Structure formats: C-alpha cells, structure tokens
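A.B. asks: Need a 3D model of the following:
(one chain, ligands or ions: 1)
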Amino acid sequence: MIRLFDAHCHLQDPRILHKAPQLIKAAQDAGVAYFAVNGVCEQDWDSVKRMAETHPCVLPCFGLHPWFVKERSPNWFKALRECFDSTPSAAVGEIGVDKGSRGRKVDFSEQMEVLRQQLELAKELNKPASVHCVRAFADLLEIMKSMGPFPAGIILHSYLGSAEMVPEFSKLGAYFSFSGFLMSLKANKAKKMLKMVPSDRILLETDAPDALPMSNIDSLHFVEGDTSLTEELLAQTTSSSTSSLGKSSHVLADASMLPKETLNHPANIHNVLDYVASMLEITNEELAELSYQNAVRLLSYEGSKVLQN
Ligand SMILES: [Zn+2]
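C.D. replies: Numbers count the residues shown, from 1 in each chain. Sure, this is the predicted structure:
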C-alpha cells in the first residue's frame, strides 16, 4: 500500500480537536504514516504537545503564526523555547509572513521581527521550520538570504510562489510542500512551477482542517459532524452531476460548490497526491514514495520520533 507523510496540518485546531483520534485513524487507514502537527499560537502549543504524547504518528511543531502576532504575550519567546526544552522531538512551525487579506491586519514589521526570531531559533536548535507565506515571497526570500542557508531545512508550506523563485529558495535549503490550495492556481502555472521543484525537495500536506481540495465530491472524505455540511447540500451537489438526459454524466460535482468553511479531512491527502502526480506526469506510487522519503529525510533530525529506514 501507498505510504504518505502529511508534512503540515493542524489536528489541534479547536474546530476538530475533539475528533482528532478518529481523523488520525481514518487517515492512517488510508496510508498516512506521520502527521506534522503545527501549533500557531501560545494557546494551542499545549494541545499539540499532548497530541504528540498520545499518538506516536504525530510529530509536534511549535511556532507563532503571523496571524497571531498581535496577541502574543510579552513572555511568548521564552514560552516557545520552553516547548522545545520539554518536547525535544518537536520541529519549528508554523511561522511566516502574510500580506493577504487577513495578514494585512497585522503590522508587517512586527511579523518580520517575529519571523526572524523564530528562524534564528530554528538555526540554533538545528531543526527544520514550517513557513507560511502569502503575497510576501520577496520579503521572505530576502530575510532567508540574509540569515541562510538553512541546513536543517525550511518547509515552504502550501507553496504558491513563482516558478522563478524555486531555485533561489532551494539553494537556501527549502522544501516545497503542496496542499489543496494548489488547485486554486491556473493549471499551466501550477505545472510550470511544480516542474521547477527538485525531486528531492517535494512534499505533500493537507493543512487540515483548512485547504479542502477542489476535487469531485465523491472522492473526498468529510469531517463527521461538520456543521457547514447539510444532508440536503450533499444530496444537491451530487444530484446536479446527473445530466438532464437522465443518464449519469462523468462530470461530478466538485468541492467548489461547498461552503467555504467546509472542513478538510487529513485523508484527503490522496486528492493532493492525485493532482500533483498528474501535473508532474508521474504515477501516484512514485510521487507518494518520493515525497515520503523526502519528509522522512528532512524530519528525522536529532531527537525526532521520525525514523529513517
Ligand atoms: Zn498551516
């Protein structure tokens, strides 16, 4: 069976925390061996820590996400450092910069300062870091150039940057991780960029509970009890895939018809695998194994629970 490594997700997210054991089990049944679970703010670091203690397949990551920079306590950096002291198996993440609609509400120089501190910590601890970047790739490249290279690796999570920047980030130690958000790029643009990514730097992720892949509805796993989904809605979206001639059409309803807040299930990493493999014109088996080996190599740093075999 195919084995996969979810290189970036948020199973501690309050929207799904109480269902995490079932989600993990379902994704494991679908071949997912490890989940890099990223904390985003001081309040959720403890949930990440506890989840990693309960589940050997959960790789904990601690970081302050740019959206939560404003709310940080005066003590945040000390608290972050303590997370790594008490959980030496952890990596750094999620950290980053954001000039998108939500990120614009957070002072950009503060975002950059918080990012710089956390990149320094990752270097000092010799750990990889998972980085979020929205509409700020030039700023990210500049700070990474000024501090790099990063021999322990940087995960550019949900990468949607340009093809041209791929070699520059690569040189500094970056890995490129793809989620369902990739389907929001024009196919030819996504293809051009994916083909620039060195084969030893490609990763797959779900970013669950966000980034629901825009695949056909029949191929997706849904989070049980997701309140954004009603029976009627699911029935409606599936019946609309039947043509007016009365025979079933091959055009199935896709996830773009679902409410924006529909939760993503970690087993939907298969939809990301399908999409990226088709763009790269390689088999799902090849891409699964390649991305799995890349994630294992990157995330089997000293103290990690990921074992290189
Ligand atoms: Zn994330």
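
A.B. asks: Not counting sequence-adjacent ones, nearest residue to the one residue in the stretch 101-250 of the chain that gets nearest to the ion?
C.D. replies: Residue nearest to the ion within the stretch 101-250 of the chain (Cβ to the ion): Asp207, separated by 4.8 Å. Just so you know, the C-beta spots here come from the backbone N, C-alpha and C atoms, and that holds for glycine as well. The shortest distance from Asp207 to any non-neighbouring residue, by Cβ to Cβ, 6 or more residues apart in numbering, is to Ser179 (4.4 Å).

A.B. asks: Check Ser199 too.
C.D. replies: Closest residue to Ser199 apart from its sequence neighbours, by Cβ to Cβ, 6+ apart: Leu290 at 6.1 Å.

A.B. asks: Can you check my assumption that Leu203 lies in a helix?
C.D. replies: No - using DSSP: H, G, I helix; E, B strand; the rest coil, the assignment for Leu203 is strand, not a helix.

A.B. asks: just use 56 as the starting number from now, easier for me
C.D. replies: Happy to do that; since the first residue is 56 now, the last one works out to Leu258.

A.B. asks: what's the lengthiest helix in the chain packed up against?
C.D. replies: Longest helix in the chain, counting residues (DSSP state H): helix 163-180. Packing partners of helix 163-180 (3 or more Cβ pairs under 8 Å, 6 or more residues apart in numbering; DSSP states H and E): helix 131-141, strand 146-153, strand 184-189, helix 192-202.

A.B. asks: What are the buried residues along that helix?
C.D. replies: Within helix 163-180, the residues scored as buried using 16 or more other Cβ atoms under 10 Å are 163, 166-167, 169-170, 173-174, 176-178, 180.

A.B. asks: hang on, the earlier thing: so how far is Arg58 from the residue nearest to Ser254?
C.D. replies: 12 Å (Cβ to Cβ, to the nearest Å).

A.B. asks: What separation do you get for the spatially closest residue to Phe163 that is not a sequence neighbour and Glu260?
C.D. replies: Leaving aside its sequence neighbours, Phe163 sits nearest to Lys154 (Cβ to Cβ, 6+ apart; 6.9 Å). For Lys154, the distance to Glu260 equals 22 Å [Cβ to Cβ].

A.B. asks: what about these two, which has more around it?
C.D. replies: Between Lys154 and Glu260, Glu260 has the larger neighbour count (other Cβ atoms under 10 Å), namely 30 against 18.
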